[in-house]
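In: Let's see this in three dimensions:
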Amino acid sequence: MRVLVTGGGGFLGQAICRQLQARGDEPIAFQRSAATALAGTGIEERRGDIRDAGQVRDAVRDCQAVIHTAGKAGAWGDPALYRAINVEGTHHVINACREQAVGRLVFTSSPSVAHGGGDIEGADESLPYPAHYAAPYPETKALAEQAVMAADGPGLRTVSLRPHLVWGPGDNHLLPRLIERARNGPLRLPGADKLIDTVYIDNAARAHLLALDALDANPGCHGKAYFISNGEPWPQARIMTALLRAAGVEVTIRTIPPRLAAAAGRLTEWWWKRQRRQGEPPVTRWAAEQLSTAHWYDIGAARRDLGYTPEITIEQGLERLAAAFREDA
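Out: Got it, this is the predicted structure:
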């Protein structure tokens, strides 16, 4: 089957494309620019901007399903841009699926849509959306997720996944930022001992394929959202140290009071806006909130409804990550 993967040139999108291709499907990667990592794979690329409804419509043509991973991530930025990409872009995908009679849509959401502050420990999908968000990313992903869930119905079956902190070889988002921070001095964590979930890249990609298949096999998953992780919550300091060590970087972890981190986030945001600084501040309110709290989830629903089981453990993933860095050295 022909499956359009929006954001197919991204870290998660590439992994999904490769897994689709490996099992005999025909993935088509949709992104704004050429994906170097897909060169020579035989995977078709269609260029375009998720903010352009016409380009999305053209990309969806002749496909039987869409996996929508494209989005704007980050802890800081213009709220209008987040809305244009994450919310309006998702509406473009939904509308294109309907216009082109594409029957299945899998959306990549985020656990942050259900995090309004405070510890989350073993929560399931009954966790409600918070009344307020500390950043435009979780807010716009929540709006997009709700749109996808509401779109489920005759002619279009939908499901949303919430993978948490995806990492592994080829990561161009989480690991590079972590490495840069570690090389600039000790990491200061307000919640070093707080448990958090993560998910290895191959597990996250496989979850999307399972969700796609479940849209045919299990009507019980239609219009629902599912937490996706490795099911192995680790203390923040431990997982960060392990990821950096796999990358060949040793780091010193220092703990700071959560109130100090929150105050630093508020002050830094105020200063950034006052000075009209470009780029992301070194700390934001949302980042301080995330680093100060536990957030790990019950993935029982994904196991039951999608048949999802993390096949690669964190330890196995770390070995693969270390091997990839050695090869690149």
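In: centre of the chain versus the helix or strand hosting W296, how much separation?
Out: Using DSSP states H and E, W296 falls within strand 295-297. Distance of strand 295-297 from the chain centroid (CA atoms, centre = their mean, to the nearest Å) equals 15 Å.
In: buried stuff in it?
Out: H295, W296, Y297 (16 or more other CB atoms under 10 Å). C-betas here are computed from N, CA, C, even on glycine.
In: Quick one: list the elements packing against it.
Out: Contact analysis of strand 295-297 by 3 or more CB pairs under 8 Å, 6 or more residues apart in numbering; DSSP states H and E lists strand 120-123, strand 195-196 as its packing neighbours.
In: And the contacts of the last one?
Out: Identification of contacts with strand 195-196 by CB atoms under 8 Å, 6 or more residues apart in numbering yields E121, H164, L165, P233, W234, P235, Q236, I239, A294, H295, W296.
In: Would you state the helices of this structure in chain order?
Out: 11-22, 53-60, 79-82, 89-99, 136-151, 174-183, 201-217, 236-246, 258-275, 285-292, 300-306, 314-328 (DSSP state H).
In: number of nearby residues for the residue lying closest to R183 once chain neighbours are set aside?
Out: Nearest residue to R183 in three dimensions, chain neighbours excluded: V249, at 6.6 Å (CB to CB, 6 or more residues apart in numbering). For V249, the count of nearby residues is 16 (other CB atoms under 10 Å).
In: again with L174
Out: 16.
In: hang on, it packs against G168?
Out: No: with contact defined as CB atoms under 8 Å, L174 does not count as touching G168 (9.6 Å).
In: What's the separation between the closest residue to W167 other than its chain neighbours and S160?
Out: If the residues on either side of it in the chain are set aside, W167 comes closest to L174, at 5.5 Å by CB to CB, 6+ apart. To S160, L174 is 21 Å away according to CB to CB, to the nearest Å.
In: And for P186?
Out: With CB to CB as the criterion, P186 and S160 are 37 Å apart.
In: Of those two, which one has the most company?
Out: Using other CB under 10 Å as the criterion, P186 and S160 rank with S160 on top: 27 against 11.
In: what's near enough to touch the more buried one?
Out: S160 touches V106, F107, T108, S109, E145, V148, M149, K224, A225, Y226, counting by CB under 8 Å, 6+ apart.
In: farthest pair in these?
Out: Spanning the widest gap among the contacts of S160 are T108 and K224, at 14.4 Å by CB to CB.
In: Pick out whichever of those two has more residues nearby.
Out: Under the criterion of other CB under 10 Å, the comparison of T108 against K224 puts T108 first, with 30 against 19.
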